[in-house]
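Participant: this is a predicted model, with the sequence first.
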Amino acid sequence: MPLLELNDVCAHYGRIQALDGITLTVEEGEVVTLIGANGAGKTTTMRVISGIRPVSSGKLLFDGDDIKSLRADLRVVRGISQSPEGRGVFPGMTVLENLDMGAYTRKDRKSLGADLDRVFSLFPRLAERRTQAGGTLSGGEQQMLAIGRALMAKPRLLLLDEPSMGLAPQFIAQIFRIITEINEQGTTVLLVEQNAQQALSRADRAYVIETGRIVKAGTGAELLADPAIKEAYLGVA
Ligand code: ATP
């Protein structure tokens, strides 16, 4: 049984159809990436999984259970945690307070110390800046904080929406290394990326999304070698 399954999922913003029958699966332990142009429906796909946007039709299963009508906060309790596009760090709160917000649905408060240690070992920079306000961090550091905050919910499935957006090249390489490390430590990852080259080279499997539909699927390596993908998404003619 896949950890996550979307079957013919549609979603709308008012009358605008953003998703037109998305079908995909994520198996436990995988890194799966969604690539596609601006406006293709990547963010909306993440939002229907995390519960920020409703599904208008189709199936949405997590660990075999229908979660379509489950509230977003209860999906976090079930094990789905999202690091949103544009980061959403709380600017007036310290790094530590931001991380604590990520853990607010946790009942096992005793193990929070160990999880904080895990986040600080993945992101030593956050440990150095733990008492600093979120809003004073650089773009790359805020991205790390958003990922760290999502990890504090101890998710089984981590949703990362454009983690490399707007980052300097040295931060981009670092974020992708850390995503691999998070996955190796046992967290399943669904990743949305504009940076298709890096995302495909890190992913076990990938889906290409165009105007709200999945138009291609394969292993990361297969899609990296696909001439049509190279031309459309990798900037190689
Ligand atoms: P981007 O990389 O630009 O974030 P995306 O692939 O994530 O693109 P979505 O943001 O999911 O795409 O958008 C899918 C479609 O839904 C687009 O046609 C977009 O214009 C539309 N859309 C997205 N958000 C809204 C909104 N809040 N209100 C109305 N339409 C929206």
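Facilitator: Right, received. Where do you want to start? All figures in this text were calculated on a predicted structure; none of them were measured in a lab.

Participant: name the residues that touch stretch 104-121?
Facilitator: Defining contact as CB atoms under 8 Å, 6 or more residues apart in numbering, one finds that stretch 104-121 is touched by 73, 76-77, 99-100, 103, 126-127, 130, 148, 151-154, 185. Heads up, the C-betas are built off the backbone N, CA and C, glycines and all.

Participant: switch to 7 Å and redo it
Facilitator: Outside stretch 104-121, the residues that touch it by CB atoms under 7 Å, 6 or more residues apart in numbering are 73, 76-77, 99, 103, 126-127, 148, 151-154.

Participant: buried subset of those residues?
Facilitator: Neighbour-count burial (16 or more other CB atoms under 10 Å) is assigned, among those, to 76, 99, 103, 126, 148, 151-154.

Participant: and the residues you listed, which is the shakiest by pLDDT?
Facilitator: Ranked by pLDDT, the buried ones among the contacts of stretch 104-121 bottom out at residue 103 (84).

Participant: geometric centre of the chain: which residue is closest?
Facilitator: residue 160 (1.7 Å; CA atoms, centre = their mean).

Participant: quick one on the thing from earlier: out of the contacts of stretch 104-121, which is nearest to residue 66?
Facilitator: Residue 66 lies nearest to residue 77 out of those, by CB to CB, at 15.9 Å.

Participant: residues contacting the closest one?
Facilitator: Contact analysis of residue 77 by CB under 7 Å, 6+ apart lists residue 105.

Participant: and the gap between it and the ligand?
Facilitator: Going from residue 77 to the ligand by CB to the nearest ligand atom, to the nearest Å gives 25 Å.

Participant: helix or strand: which one has that residue?
Facilitator: Counting by DSSP states H and E, the element that carries residue 77 is helix 72-78.

Participant: now that helix - C-alpha only, PDB.
Facilitator: Output in PDB follows, covering the C-alpha atoms of helix 72-78 (Å, rounded to 0.1, in the frame of the first residue of the first chain):
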ATOM      1  CA  ALA A  72      -5.400  20.200   8.000                       C
ATOM      2  CA  ASP A  73      -4.300  20.200  11.600                       C
ATOM      3  CA  LEU A  74      -5.400  16.600  12.000                       C
ATOM      4  CA  ARG A  75      -3.500  15.700   8.900                       C
ATOM      5  CA  VAL A  76      -0.400  17.000  10.700                       C
ATOM      6  CA  VAL A  77      -1.200  14.700  13.600                       C
ATOM      7  CA  ARG A  78      -1.600  11.800  11.200                       C
END
